[in-house]
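sequence below, structure please.
(one chain, ligands or ions: 1)
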Amino acid sequence: MSGRVLVGVKRVIDYAVKIRVKPDKSGVVTDGVKHSMNPFCEIAVEEAVKLKEKKLIKEVVAVSCGPQQAQETIRTALAMGADRGIHVQVMGKDYETLGPLQVSKIFAALAKKEEAQLIILGKQAIDDDCNQTGQMTAALLDWPQGTFASELTYEGGNLKVVREIDGGLETIQINMPAVVTADLRLNTPRYATLPNIMKAKKKKIACMSAADLGVDLTSRLEVLNVEEPAVREAGVKVETVDDLVLKLKDTGRI
Ligand code: AMP
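Residues are numbered from 1 along each chain as shown. Okay, here's the model as predicted:
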């Protein structure tokens, strides 16, 4: 393989932030909240950079779709070792309704434009928990997919992907070009070092709109209501199994 890899890097609310729902229940509060690169996207970037270090690919392109701040996420990917970035600017109402289908259409268009051989995405974004973008992108391009990857090897023109599935691991071999989605155990992403952060400032980020790629961002989904999870009742400590059984009987649970 000697081609180009596109890596999806999504800007999401940082995993350590306590999420608050807006009073009108239309979504979650994002203003003034710390954002970071989606953790599974960090794993995707690491895997792509490793392929480049092994000289199996020649270029890693980090792609983020979203408002202006998405460029910060791309910069992080560049500091981790990606070669250049593409920012597909999506703002306002379009950003509010941006979902896996719209993002997949963007990736499919970019894959053709950039003549990519591989797309590596996170297995899921921790804000919407959709786990759909990789699968939809593969379907739109009619490319093979290796989802939930915990090991990726390039062998004789094909990719061997070890997948995390219920109760074990599945190994598949897929032809290229392909879409791979990164699971938690694929690798441990590197930290961006200060010298690399400085170097990343010089790397190029191309900015374009979805319309430039011929993609219509119309969404067919409407969010009706977003609610906080129900508050959990405090637990009770019991000393023995007999006490536990008694308590369960008393509260009518058995
Ligand atoms: P999802 O299907 O929403 O759970 O997202 C899965 C993966 O698709 C993410 O980990 C990213 O790699 C990619 N992705 C989703 N949305 C975006 C976006 N707005 N910009 C760049 N990549 C994205």
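
can you point out the buried residues in stretch 144-162?
Judged by neighbour count using 16 or more other C-beta atoms under 10 Å, the buried positions of stretch 144-162 are 144-152, 158-162. C-beta coordinates here come from the backbone N, C-alpha and C atoms, glycine included.

and what of stretch 81-94?
For stretch 81-94, burial by neighbour count (16+ other C-beta under 10 Å) applies to 81, 82, 83, 85, 86, 87, 88, 89, 90, 94.

look up how far residue 76 lies from the second one.
Going from residue 82 to residue 76 by C-beta to C-beta, to the nearest Å gives 9 Å.

so for the buried residues of stretch 144-162, which is the shakiest by pLDDT?
Among those, residue 158 has the lowest pLDDT, at 92.

coming back round to it: looking at the buried residues of stretch 81-94, which are in helices?
Under the assignment DSSP state H, the buried residues of stretch 81-94 contribute residue 94 to helices.

dump the buried residues of stretch 81-94 into a markdown table; add distance to the ligand and pLDDT as well.
Output for those, formatted as a markdown table (distance: C-beta to the nearest ligand atom, whole Å; pLDDT from 0 to 100):
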| residue | distance to the ligand | pLDDT |
| --- | --- | --- |
| 81 | 16 | 98 |
| 82 | 13 | 98 |
| 83 | 17 | 98 |
| 85 | 11 | 98 |
| 86 | 10 | 98 |
| 87 | 9 | 98 |
| 88 | 7 | 98 |
| 89 | 11 | 98 |
| 90 | 7 | 98 |
| 94 | 11 | 96 |
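
what's the local residue count around residue 9?
28 (other C-beta atoms under 10 Å).

could you check how far it is from the ligand?
6 Å (C-beta to the nearest ligand atom, to the nearest Å).

hmm, that residue is touching residue 43, no?
No - counting by C-beta atoms under 8 Å, residue 9 stays clear of residue 43, with 10.9 Å between them.

what's the helix or strand for residue 60?
Using DSSP states H and E, residue 60 sits within strand 59-66.
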